[in-house]
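[1] I would like the atomic coordinates for the input below:
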Amino acid sequence: MLKLLFQLFYTFLKIGAFTLGGGYAMIPLVQAEVVDRRGWIGEEEFLNMLALAQSAPGIMAVNTAIFIGYKLAGWRGVVVSVLGSILPSFLIILLIATCFTRFKEYPQVEAVFKGIRPAVVALIAAPLIKMARSAKIGWLTALIPIAAALLIWLCGVSPILIIVVTIVCALLVAYMRERRQK
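    Now for the predicted structure:
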């Protein structure tokens, strides 16, 4: 059990240390370590766990660490996975906060942060495309999140309204399908 706890801590420490861009950017690293390399959970279970991690309140990276840690080692697994996940960010933010005020005006520092942005977009886009293929989401279905993003960005529509409308529409579609089958 101690070996598993150390492996959980180390795995999430690595993921936390090398993930730029937050929860979505960490998905390929978590999948590579937890599903592909270590075989702790299967791909379908991983997709289900990601859906839960996104739905639960809080930070997706921490939620993912909680679900995987609990599945593998109970509450001790939760503690070591979450610590491993947040420790690198905490230390890096602490270091940046103490140094950034002195260096933020330098053009080189600004250039570094601007250069990281495209990498973060790619890190987020790659797992989304892979998950969409695994979930058998077609181009027509992909229009829903694109339309939602455009409504929020261009029209200023509340994300809460979009979520409520989407839930109502999904329930109506499910009801109509069930009715048609009878």
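[2] now stretch 85-93: buried residues?
    Buried positions in stretch 85-93, judged by neighbour count with 16 or more other Cβ atoms under 10 Å: 85-86, 88-89. Every C-beta, even on glycine, is put in place using the N, C-alpha and C of the backbone.
[3] measure the residue located most distally from the centre of the chain to residue 168 for me?
    Residue farthest from the centre of the chain, counting by Cα atoms, centre = their mean, is residue 182 at 38.4 Å. Distance check for residue 182 against residue 168: by Cβ to Cβ, to the nearest Å, it reads 22 Å.
[4] next: residue 117.
    With Cβ to Cβ as the criterion, residue 117 and residue 168 are 35 Å apart.
[5] one more: residue 39?
    In this view, residue 39 and residue 168 are 40 Å apart by Cβ to Cβ.
[6] same question, residue 31
    32 Å.
[7] the more surrounded of those two?
    Shown here are residue 31 and residue 168; by other Cβ atoms under 10 Å, residue 31 has more neighbours (19 against 10).
[8] excluding its backbone neighbours, what's nearest the more buried one?
    Among residues not flanking residue 31 along the chain, residue 46 sits closest, at 6.0 Å (Cβ to Cβ, 6 or more residues apart in numbering).
[9] next, the buried residues of stretch 125-136.
    For stretch 125-136, burial by neighbour count (16+ other Cβ under 10 Å) applies to 127, 131.
[10] what's it in contact with?
    Under the criterion Cβ atoms under 8 Å, 6 or more residues apart in numbering, residues 24, 27-28, 31, 43-44, 47, 50, 142 lie in contact with stretch 125-136.
[11] can I see the domain layout of this protein?
    If you go by automatic domain parsing, the domain ranges for the chain are 2-137, 138-182.
[12] need these in JSON lines with mean pLDDT, can you?
    Shown next, in JSON lines, are these (pLDDT from 0 to 100):
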{"stretch": "domain 2-137", "mean pLDDT": "85"}
{"stretch": "domain 138-182", "mean pLDDT": "87"}
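[13] return the most buried member of these.
    Mean neighbour count (mean count of other Cβ atoms under 10 Å) peaks for domain 2-137 among the domains of the chain, with a mean of 16.
[14] residue 157 contacts residue 151, doesn't it?
    Yes: contact criterion Cβ atoms under 8 Å: residue 157 and residue 151 qualify, at 4.2 Å.
[15] for the helix ranked longest in the chain, the distance to its chain's centre please.
    Taking DSSP state H as the assignment, the helix of the chain that covers the most residues is helix 60-103. Taking Cα atoms, centre = their mean, to the nearest Å, one finds helix 60-103 lying 13 Å from the centre of the chain it belongs to.
[16] got it, and stretch 33-49?
    14 Å.
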